[in-house]
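> whatever this is, show me its structure:
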Amino acid sequence: MTMSVGWYLRRLSRMGPQEVAGRAGDAVRRRRWRTARPNSPAVTGARFTAVLPAGALADVPPDAAKRLIAEADRLMYGHAEFFGVVRDDMVDPDWWHDPKTGRRAPFGYAFGVPYRDEDVVGDIKQIWEPSRHQYLTVLAAAYAITGDERYAERVAAHLRSWWAANPPLRGVHWISGIELGIRLISWVWVRRLLDGWRGAAGLFEDNPVAVHQIWHHQRWLAAFPSRGSSANNHVIAEAAGQFAAACAFDWFSASARWRAAALRSLERHLRSNTFHSGLNRELASEYHGLVLELGLAALAEADAAGVPVPATVRIVLLRMTDALAAVVDNRLRPPRQGDADDGHGLILDGPGTDRWGSLLATGDAVFGRLGWWPTVTGSDVRTPLIASLIKHGAPRVKRPAARPWHFADAGLTVLRGPEEIWCRCDGGPHGFLSIAAHAHADALSVEVRHDGVDVLADPGTYCYHGQPEWRQYFRSTLGHNTLELDGADQSTSGGPFLWTRHARTTVREAGAARWSAEHDGYEGSTHRRRVELDPETRELMIRDEVRGAARPQLRLAFHLGPEITAELEGHRARLTWSRDGEERSAVLDLPERLDWQAHRGESGPPLGWYSAGFGRKEPATTLVGTGQAEGTGEFTTVLRFQG
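Next up is the predicted model:
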């Protein structure tokens with residue numbers, strides 16, 4: 001995908017004067033850096049002291065260690081999977097190769113590589129992801145736990161290979177700050193986990209190539225921070241990575257300056273990216289997890305190095321943890337809201353480890369759990385290791401006495417019923433900042449689960465670059481459980497990460513079992529929705545109302561989860577699924593004034609899909625009712641869970 005002149009004009013229209021000036025300065029600096037690439041300063045007597053406390057590895061649960069080692073052994077045989085693409089070449093990877101398209105990114109000055117153009121570069125996410133080196137932290141953790149030097153030697157070989165293939169400012173791995181920031185966090189943890197290996201110092205602090213790379217990564221991050229309308233999770237990854245490296249690799253004359261600037265940026269943007277309630281302002285659950293992981297990783301480096309941090313950093317991370325505990329369902333799954341690209345701040349575990357349970361376990365270890373928190377039954381490697389570095393204890397702020405169900409600033413409401421009925425209602429802002437990069441056109445959408453199974457599902461994200469039709473579908477109004485008028489989205493898209501007009505939503509009522517909201521996304525018409533959950537009858541009522549002088553054509557969509565089998569007869573759908581070997585069922589009574597059809601796995605145009613993770617999609621049933629809003633324009637849907 002290449003960006004048109006029109007896209008650049010639309011993007012420019014979402015920037016303020018300060019951002020425009022900053023980006024102009026960045027452009028000048030990029031041109032200057034093309035020919036002026038300094039060598040890193042010589043470093044003598046460098047030492048790595050940010051090691052794990054004695055006994056930390058002994059606290060790793062055996063089952064978590066077993067999962068980790070199994071994944072490390074799989075990696076040793078060259079097997080890995082990134083965004084649904086299985087790779088068998090990870091013994092000696094080509095760092096610029098995209099196995100999905102078969103293309104190889106061109107070599108050249110980093111800022112001249114057209115990374116958005118899949119025809120030239122390939123799928124950039126497939127190229128970038130292995131070079132975050134989070135699979136190397138898994139191998140390094142396997143060494144730390146087992147003492148088996150094969151893991152350490154593989155890590156060393158891959159780092160030396162990567163450093164040789166990716167000199168500073170050459171190629172695709174020097175384009176995006178979030179990639180550099182996360183990579184630095186990985187390198188810090190690789191060095192920490194390899195500390196008992198005799199080759200650790202020779203790989204890092206006594207290795208001029210490694211020192212050169214670490215210095216250039218930090219110089220890059222100091223020069224090109226994400227700005228203005230792009231200051232979302234990216235700027236937090238940049239600041240967290242810069243801060244972690246400036247604490248743990250404190251070897252340069254600029255380290256103190258970099259550390260102080262990164263901490264100021266981290267504190268500022270953690271606050272600006274987080275509602276007071278603790279939810280992430282991008283209203284994308286996976287980015288809530290990413291930012292929380294990045295913040296905890298940075299806090300660990302601060303405490304390990306004895307660097308004081310503003311109290312607001314711990315307060316924001318505490319509130320984010322409490323908010324996560326509040327919104328997850330009984331299986332510890334958060335909402336599937338907004339974009340998701342499977343991004344992590346720090347990986348020390350094998351597959352099968354519950355990411356959200358791990359974050360809550362870390363929150364418990366660091367801040368202490370509240371009585372209403374859900375129980376975490378799983379185990380992980382990361383919690384005992386990262387918690388061993390962080391000073392324990394919650395900041396002295398008021399925490400929720402009971403489990404919150406409504407987050408007024410984020411417009412998110414969770415209704416809960418018996419037998420683990422969970423319903424998320426969306427009445428929040430359309431994303432974060434002027435471009436709302438990771439928002440979907442999902443105002444007033446609902447997401448319903450029964451014992452953790454998606455019944456009315458948010459279909460997910462699937463892709464970012466290279467497949468515009470699929471990107472548009474998964475973020476569209478029709479791609480969510482809400483109402484579309486006259487074939488248009490509620491908000492206007494200006495590009496794959498750009499919204500030029502944002503629907504405004506107003507929550508009219510929010511209670512433990514009742515919610516109502518409306519939005520102004522359609523000119524001349526107002527969509528109002530009311531949701532009620534009856535805990536005695538186990539019925540969920542959804543009433544949609546279209547107000548205004550116009551008589552728009554409408555489509556009302558209900559996306560079922562991939563585990564749901566649906567039999568549609570007229571205006572009634574019978575839903576069945578199984579959970580832990582037990583058959584479950586529900587009846588969905590649909591508005592009779594609309595004509596209903598079931599769609600599944602259609603591609604021209606896309607309809608009836610579910611994306612469980614980035615780069616993956618599978619057919620799922622979508623029920624679409626078509627008609628016209630006349631008179632009162634009221635439509636009632638009832639979902640009845642059966643025994």
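
> could you pull out the helices in the stretch 101-250 of the chain for me?
118-121, 124-128, 134-146, 149-165, 177-193, 200-203, 208-223, 233-248 (DSSP state H, counting those that start in this stretch).

> for Arg115, give its distance to Leu266.
Wrong residue type there; residue 115 is Tyr, not Arg. For Tyr115, the distance to Leu266 (CB to CB, to the nearest Å) stands at 26 Å. The way it works is simple: take the backbone N, C-alpha and C, and place the C-beta from them, glycine included.

> of the two, who's got more company?
A count of neighbours by other CB atoms under 10 Å puts Leu266 above the other of Tyr115 and Leu266, at 28 against 20.

> got the contact list for the more buried one?
Contacts for Leu266 (CB atoms under 8 Å, 6 or more residues apart in numbering) come out as 236, 239-240, 243, 295, 298, 313.

> kindly indicate which of the residues you listed lies nearest Thr321.
Comparing the contacts of Leu266 against Thr321 with CB to CB places Gly295 closest, at 9.8 Å.

> need the contact list for the closest one.
Counting by CB under 8 Å, 6+ apart, Gly295 touches 236, 240, 266, 270, 313, 316-317, 320.

> narrow those residues to those in helices?
236, 240, 266, 270, 313, 316-317, 320 (DSSP state H).

> got a winner among those for most neighbours?
Among the ones in helices among the contacts of Gly295, the one with the most neighbours (other CB under 10 Å) is Ala240, at 32 neighbours.

> show me the contacts for it.
By CB under 8 Å, 6+ apart, the residues touching Ala240 are 181, 185, 262, 266, 294-295, 297-298, 345.

> would you mind giving those as TSV with pLDDT and distance to Arg14 added?
Shown next, in TSV, are the contacts of Ala240 (pLDDT from 0 to 100; distance: CB to CB, whole Å):
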residue	pLDDT	distance to Arg14
Gly181	98	24
Ile185	98	30
Ala262	98	26
Leu266	98	24
Leu294	98	25
Gly295	98	27
Ala297	98	30
Ala298	98	29
Gly345	98	27
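
> name the helix or strand for Glu484, please.
Secondary structure from DSSP states H and E places Glu484 in strand 483-485.

> brain fart, Glu583
strand 582-589.

> give the next helix or strand downstream of that strand.
Strand 582-589 is succeeded, C-terminally, by strand 595-600 (DSSP H and E).

> report the contact partners of Trp405.
Shown in contact with Trp405 (CB under 8 Å, 6+ apart): 326, 413-416, 510-512.

> which one of those has the most neighbours?
For the contacts of Trp405, the largest neighbour count, defined by other CB under 10 Å, is 28 neighbours, found at Thr413.

> part of a strand, is it?
Yes: looking at Thr413 with DSSP: H, G, I helix; E, B strand; the rest coil, it is inside a strand.

> so it bridges to which residues?
Bridge pairing for Thr413 (DSSP bridges) gives the partners His406, Cys425.

> what's near enough to touch it?
With CB under 8 Å, 6+ apart, Thr413 has these contacts: 405-407, 424-425, 427, 507, 510, 515.

> most neighbours out of those, which is it?
Using other CB under 10 Å as the neighbour criterion, Cys425 leads those with 29 neighbours.

> now the end-to-end length of stretch 269-282.
Length of stretch 269-282, first residue to last, CA to CA, to the nearest Å: 12 Å.

> follow-up on the earlier one: can you name the two of the contacts of Trp405 that are farthest apart?
The span of the contacts of Trp405, defined through CB to CB, is set by Ala326 and Gly511 at 15.5 Å.

> format the ones in helices among the contacts of Gly295 as JSON lines; extra columns: distance to Thr137.
What follows is the ones in helices among the contacts of Gly295, written out as JSON lines (distance: CB to CB, whole Å):
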{"residue": "Ile236", "distance to Thr137": "19"}
{"residue": "Ala240", "distance to Thr137": "15"}
{"residue": "Leu266", "distance to Thr137": "21"}
{"residue": "Leu270", "distance to Thr137": "23"}
{"residue": "Val313", "distance to Thr137": "23"}
{"residue": "Val316", "distance to Thr137": "25"}
{"residue": "Leu317", "distance to Thr137": "21"}
{"residue": "Met320", "distance to Thr137": "22"}
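
> out of those, the closest to Pro334 would be?
For those, the residue nearest Pro334 by CB to CB is Met320; the value is 11.5 Å.

> isn't the closest one up against Leu290?
No: using CB atoms under 8 Å as the test, Met320 is too far from Leu290 to be in contact (11.0 Å).

> contacts for the strand or helix carrying Phe558, please.
Using DSSP H and E, Phe558 sits within strand 553-559. With contacts defined as CB under 8 Å, 6+ apart, strand 553-559 is touched by 456-459, 478-487, 544, 546, 588, 590-591, 594, 610, 620-629, 635, 637.

> distance between it and the chain's centre?
27 Å (CA atoms, centre = their mean, to the nearest Å).

> following the chain past that strand, name the next helix or strand.
Using DSSP H and E, the helix or strand that follows strand 553-559 in sequence is strand 565-569.

> what about the nearest residue to Val455 once chain neighbours are set aside, how many neighbours?
Spatially, and ignoring its direct neighbours in sequence, Val455 is nearest to Val448 (4.8 Å; CB to CB, 6 or more residues apart in numbering). Using other CB under 10 Å, Val448 has 28 other residues around it.

> could I get the contacting residues of Leu433?
Counting by CB under 8 Å, 6+ apart, Leu433 makes contact with 228-232.

> that should have said Ile175, apologies.
Residues in contact with Ile175 (CB under 8 Å, 6+ apart) are 110-111, 113, 115.

> among those, the buried ones, what's the ChimeraX command?
Applied in ChimeraX, the following selects the buried portion of the contacts of Ile175 according to 16 or more other CB atoms under 10 Å:
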select :110,111,113,115
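
> so where's the chain shaky on pLDDT?
The chain contains residues with pLDDT under 70 at 1-2, 549, 631-632.

> gap between Phe497 and Ile421?
Applying CB to CB to Phe497 and Ile421 gives a distance of 34 Å.

> and what about the residue nearest to Phe558 when sequence neighbours are not counted, helix, strand or coil?
Nearest residue to Phe558, sequence neighbours excluded (CB to CB, 6+ apart): Leu623, at 4.6 Å. With three-state DSSP as the basis, Leu623 sits in strand.

> look up how far Arg640 lies from Leu623.
In terms of CB to CB, Leu623 sits 15 Å off from Arg640.

> ok, the two, which is more surrounded?
Per other CB under 10 Å, whichever of Leu623 and Arg640 has more neighbours is Leu623, with 23 against 16.

> beta partners for the more buried one?
Phe558, Ala598.

> what's the helix or strand for Ala517?
strand 514-522.

> and that strand, what does it pack against?
Judged by 3 or more CB pairs under 8 Å, 6 or more residues apart in numbering; DSSP states H and E, strand 514-522 is in contact with strand 412-417, strand 505-510, strand 525-534.

> now that strand: buried residues?
514-519, 521-522.

> same deal with stretch 259-273?
The neighbour-count check on stretch 259-273 (16+ other CB under 10 Å) flags 259, 261-263, 265-270, 273 as buried.

> ditto for stretch 625-643
625, 627, 629, 633, 635, 637-641.

> same question for stretch 215-226.
215-222, 224-226.

> just put those residues in a markdown table and tack on distance to Ala394.
Formatted as a markdown table, the buried residues of stretch 215-226 follow (distance: CB to CB, whole Å):
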| residue | distance to Ala394 |
| --- | --- |
| Trp215 | 37 |
| His216 | 38 |
| His217 | 33 |
| Gln218 | 32 |
| Arg219 | 37 |
| Trp220 | 36 |
| Leu221 | 31 |
| Ala222 | 33 |
| Phe224 | 36 |
| Pro225 | 30 |
| Ser226 | 30 |
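
> now, among these, which is nearest to Cys463?
Distances from Cys463 to those, taken by CB to CB, are shortest for Ser226, at 21.6 Å.

> could you pull out the helices for the stretch 251-400 of the chain?
255-272, 285-305, 311-327, 355-367, 382-387.
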